[in-house]
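1. The sequence and its predicted three-dimensional model are supplied below.
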Amino acid sequence: MDDSPPPVSPATLKFLARLVTVLTATMIVGVVVIVALLVIRFSGEERTQPLTLPDSITLPEGARTEAVTFGGDWIAVVTGDGRILIYDRTTGEIRQSIAIE
């Protein structure tokens with residue numbers, strides 16, 4: 001018995017060669033697009049306004065800070081006793097207190 005594989009037609013080989021070429025070109029274009037998007041994203045304009053923070057923020061008695069988040073003109077402080085305290089960014093005065101359930 002002959003265990004050799006059947007011969008492959010030249011048309012099939014041409015199809016496979018074109019397929020590999022197209023896939024390679026697609027991958028190259030994809031990498032170029034990703035690099036271009038990264039360059040565009042990270043070379044954008046810097047903040048026009050400097051980050052302003054109050055000199056100090058006074059937490060309520062017994063509150064312990066778990067996390068801090070900065071918004072446009074506010075600062076949010078998550079406390080260990082289940083509250084979110086919203087402070088004014090320029091004055092440091094408390095605006096709102098939200099209980100977490």
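-> Cool, got the structure.

2. CA atoms for contacts and neighbours, from now on please.
-> Noted.

3. so where do the strands sit in this structure?
-> Secondary structure of the chain (DSSP state E): strands at 65-70, 74-79, 83-88, 94-99.

4. Switch the ones you listed over to a markdown table; also include distance to Leu59, mean neighbour count and mean pLDDT.
-> Shown next, in a markdown table, are these (distance: least, Cα to Cα, whole Å; neighbours: other Cα atoms under 10 Å; pLDDT from 0 to 100):
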| stretch | distance to Leu59 | mean neighbour count | mean pLDDT |
| --- | --- | --- | --- |
| strand 65-70 | 8 | 13 | 92 |
| strand 74-79 | 9 | 20 | 94 |
| strand 83-88 | 9 | 20 | 94 |
| strand 94-99 | 9 | 13 | 92 |
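
5. need the ones you listed in CSV with distance to Ala25, can you?
-> Listed next are the strands of the chain as CSV, based on distance: least, Cα to Cα, whole Å:
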stretch, distance to Ala25
strand 65-70, 44
strand 74-79, 49
strand 83-88, 52
strand 94-99, 54
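
6. Compare those strands and report which one is nearest to Leu16.
-> Closest of those to Leu16 is strand 65-70, at 54.7 Å (criterion: Cα to Cα).

7. Check what contacts the closest one and list those residues.
-> 75-80 (Cα atoms under 8 Å, 6 or more residues apart in numbering).

8. For the residue most central in space within the chain, give me its contacts.
-> The chain has Arg41 as the residue nearest its centroid, 11.1 Å off, counting by Cα atoms, centre = their mean. With contact set as Cα under 8 Å, 6+ apart, Arg41 has no partners.

9. measure it to Asp2 for me?
-> Separation of Arg41 from Asp2 (Cα to Cα, to the nearest Å): 60 Å.

10. again, but for Thr91
-> Taken as Cα to Cα, the span from Thr91 to Asp2 is 89 Å.

11. More neighbours: these two, which one.
-> It is Thr91, of Thr91 and Asp2, that has more neighbours when counted by other Cα atoms under 10 Å, with 13 against 4.
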